[in-house]
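Q: got a sequence here, can you build the structure:
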Amino acid sequence: MKSKKILCLLLCSALITCSFAACSKDKEANSDEITVVVTDENGETVTDKNGKPVTEVVSTTNPSSTSTTAKTSTTAKTTAKSNTTTTQKQPLREQPPQNQGSSGGNSGSSSNKYEYYDASLDSGLIVLEKNARGKTGSKDVVFAIKDNQGICYINNQGDYTITSTTDVWHGQIVIQVPNTQEVSVRFENVNIKGDSPSIIKIFDTSITTDRTFFEEETVSGTAADNVLSQTMKILSKQQSAPNVSLSFPTGTTSSFETSANSFSGVIYNESKLTIKGNGKLNLKASRNKNNALCSTKSVTFKNVTANLETEAWQATSSMSSSRGIFSYGKVNIESGRLNIKSNGDGIRCDDLYVYGGEVNIHSGACDGVDADDAIVITGGEVTSIALQKSSFKVRRLNNQNDWNDGADIDEDDCVTKSTHVFKIDGGTVWGEGKNVTKTCFLSTIHRDNLSSQVSFLIRSAKSESAEETRKYIQFNISGSGIDVTTNNKCGKFLYSSPELSKNNTYTVSSPQGIGEKEITPDGDKYIGNSATLKIVSK
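A: Residues are numbered from 1 along each chain as shown. As a prediction, this is how the structure comes out:
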């Protein structure tokens, strides 16, 4: 009996010792690592494809070894907290992609955020780095990587400067603010390429309209183009919009290029956008029907040299129809130089106003300028080459029977349709194309609604009565210090200059034409008013 008691005591002692050791081991393990549930920047639990919460083991004794996901969770919550005073619930604000777990290598669809805030940097500085990464001194900026491309989100108003430590940064810049805010972004020798639908996206987060078309990578056709066009039309009806400026300082060149099979443009804009600076901007859409610049609101160019080029711009068929500028608002050109090479319309907009600067447009297959309501030129130099269609076109003028080419223009029409005009009140205007919308030239009354500058509008005809048989020829205008000849053979030539006078006589001719015409644009009937001047081709 005594031996049994001793054996029992020894057995209990062993069990207590093992239990203590196990507890000590668990306690030691728990002091080094804990398991946490990953949350996004709104504090919501991140789930996997099966709907289960994503967890991560985090070291408590060595914080530097914390996983990317755990760091992301902390950073995201900090960023979200810092923006709560200015960023209300915006269902359409793009959210940086969350971790989907490590997939190893370049798997294509993996995405994650990473540490990007550097307190040693100036508060508005954004630095683009190699491997699609970046850093910033602003807590209103978030970086992410998706499909091996970087995404830089600017989430609040302010002044920002973007620089780069790499020759080419692969990704996109997303500016997303409500209509009460202003954002200024200064680019200093930045070169961004990617296959995202847009390299720069500017969102008005006050608008709740669906924008899922951005993620639609479609083949060339009309479906996605129509969705984009209709959605942009809805967005354009918003009365107010953020004020955003993209600045390119003197001596700098920044280039943005996308190979996306989409339609939303290298720059997509929902703000009152100003593109300015004495530097240079290059926009290139290198695939399918993508445009160089798409906008739901007004776009203004100041001082900057902007080169916009779309895929296959030299093609003479409309198989691409990519536009230089596609805008549901006004396009204002105040100064600088705007060069557009497109397969589709050079500028497709509601209204075009040119106050100064230099504009050069070449459309391979469509119109040079295609405006719904108005083209008004008061200064600068504007050249539009569109040999397949119209060098200048105002749709609401063309849709009126009494504005058709070859018909007389009634002064009452100019007055009653004063918002639908093609006016030339200054500057040098040069158009070579198949057609051109007639200008309003009569001037006896309501001068404000009518062109005030003398212009020539000349067309080719094989015979006086067979419009359809006309040939493309070169045109020449000479006399009283003027001597100009078209660079290309074309169907119609529009020329207007402050140097033209209604008191002088000019000779209109063609190397490929028959005979010459002498014209004196005297009185109230400016050149091209009652009938287009004709040059009969050989």
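Q: which residues touch Tyr116?
A: Residues in contact with Tyr116 (C-beta atoms under 8 Å, 6 or more residues apart in numbering) are 75, 133-136, 141-143. Any C-beta I mention is one placed from the backbone N, CA and C, and that applies to glycine too.
Q: distance-wise, check it relative to Leu246.
A: 22 Å (C-beta to C-beta, to the nearest Å).
Q: same check, this time on Gly356
A: For Gly356 relative to Leu246 (C-beta to C-beta), the value is 20 Å.
Q: give me the buried positions along stretch 382-401.
A: In terms of neighbour count (16 or more other C-beta atoms under 10 Å), stretch 382-401 has its buried residues at 382-394, 396-398.
Q: CA atoms only: put it into CSV for me.
A: Below are the C-alpha coordinates for stretch 382-401, written out as CSV (Å, rounded to 0.1, in the frame of the first residue of the first chain):
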residue,chain,number,x,y,z
VAL,A,382,-4.3,77.8,-86.0
THR,A,383,-3.6,75.1,-88.7
SER,A,384,-5.8,72.2,-89.3
ILE,A,385,-5.1,69.5,-91.9
ALA,A,386,-7.9,66.9,-92.4
LEU,A,387,-7.7,65.8,-96.0
GLN,A,388,-10.3,63.1,-95.6
LYS,A,389,-13.0,65.2,-93.9
SER,A,390,-13.5,68.7,-92.5
SER,A,391,-10.6,70.9,-91.4
PHE,A,392,-13.2,72.8,-89.2
LYS,A,393,-16.7,71.7,-88.5
VAL,A,394,-19.5,73.0,-86.3
ARG,A,395,-22.2,70.3,-86.2
ARG,A,396,-25.2,72.4,-85.3
LEU,A,397,-24.4,74.7,-88.2
ASN,A,398,-24.1,71.8,-90.6
ASN,A,399,-27.4,70.3,-89.4
GLN,A,400,-29.3,73.4,-90.6
ASN,A,401,-30.4,73.3,-94.2
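Q: nearest spatial neighbour of Asn189, skipping sequence neighbours?
A: Nearest non-adjacent residue to Asn189, counting by C-beta to C-beta, 6 or more residues apart in numbering: Thr252, 5.0 Å away.
Q: neighbours of that neighbour, how many?
A: By other C-beta atoms under 10 Å, the residues close to Thr252 number 18.
Q: give me the phi and psi for Glu311.
A: Main-chain torsions, Glu311, degrees, to the nearest 10: phi -60, psi 140.
Q: didn't it look like it was pressed against Ala292?
A: No: when contacts are counted by C-beta atoms under 8 Å, Glu311 is not listed as touching Ala292 (10.0 Å).
Q: which residue packs closest to Thr485, ignoring adjacent ones?
A: Asn476 (4.6 Å).
Q: quickly list what the one you found is bridged to.
A: For Asn476, the beta-bridge partners are Thr485, Ser509 (DSSP bridges).
Q: again, but for Val429
A: Following DSSP bridges, Val429 is listed with bridge partners Val382, Ser496.
Q: repeat that for Ile275.
A: Bridge pairing for Ile275 - DSSP bridges - gives Leu246, Phe301.
Q: touching, it and Ala306? I think so.
A: Yes: using C-beta under 8 Å, Ile275 is in contact with Ala306, at 6.3 Å.
Q: which residues do the two both contact?
A: Counting by C-beta under 8 Å, 6+ apart, the contacts common to Ile275 and Ala306 are Leu281.
Q: the helices in the chain, which residues?
A: 2-32, 68-82, 223-236, 395-398, 411-416 (DSSP state H).
Q: what pLDDT is listed against the residue nearest to Gly481 when sequence neighbours are not counted?
A: The shortest distance from Gly481 to any non-neighbouring residue, by C-beta to C-beta, 6+ apart, is to Glu499 (6.5 Å). Note for Glu499: predicted pLDDT of 93.
Q: any idea how far Glu499 lies from Ile482?
A: For Glu499 relative to Ile482 (C-beta to C-beta), the value is 6 Å.
Q: looking at those two, which one has more neighbours?
A: Set Glu499 next to Ile482 and count neighbours by other C-beta under 10 Å: Ile482 wins out with 16 against 11.
Q: which ones are touching that one?
A: With C-beta under 8 Å, 6+ apart, Ile482 has these contacts: 497, 499-500, 506.
Q: format the residues you listed as CSV; extra columns: distance to Val436.
A: Shown next, in CSV, are the contacts of Ile482 (distance: C-beta to C-beta, whole Å):
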residue, distance to Val436
Ser497, 16
Glu499, 20
Leu500, 17
Tyr506, 19
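Q: closest one to Asn189 out of these, please.
A: Within the contacts of Ile482, distances to Asn189 taken as C-beta to C-beta reach their minimum at Ser497, with 37.8 Å.
Q: contact partners for the nearest residue to that closest one once chain neighbours are set aside?
A: Take Ser497 and drop its neighbours on the chain: the residue closest to it by C-beta to C-beta, 6+ apart is Thr428, 4.9 Å away. Residues near Thr428 by C-beta under 8 Å, 6+ apart: 380-382, 496-498.
Q: how close does Thr428 sit to Ile175?
A: Distance from Thr428 to Ile175, by C-beta to C-beta: 36 Å.
Q: still on that earlier bit, and Gly356 and Leu246? Which one has more around it.
A: More crowded of Gly356 and Leu246, by other C-beta under 10 Å: Leu246, with 24 against 17.
Q: that one contacts Ile200, correct?
A: Yes: if you go by C-beta under 8 Å, Leu246 and Ile200 touch, sitting 7.4 Å apart.
Q: overlap in contacts, the two.
A: Ile267.
Q: as a whole number, average confidence for stretch 505-512?
A: The model assigns stretch 505-512 a mean pLDDT of 90.
Q: all the strands of the stretch 201-350 of the chain, in order from the start?
A: 243-247, 253-258, 267-269, 272-276, 280-285, 293-295, 299-302, 305-310, 325-327, 330-333, 337-342, 347-354 (DSSP state E, counting those that start in this stretch).
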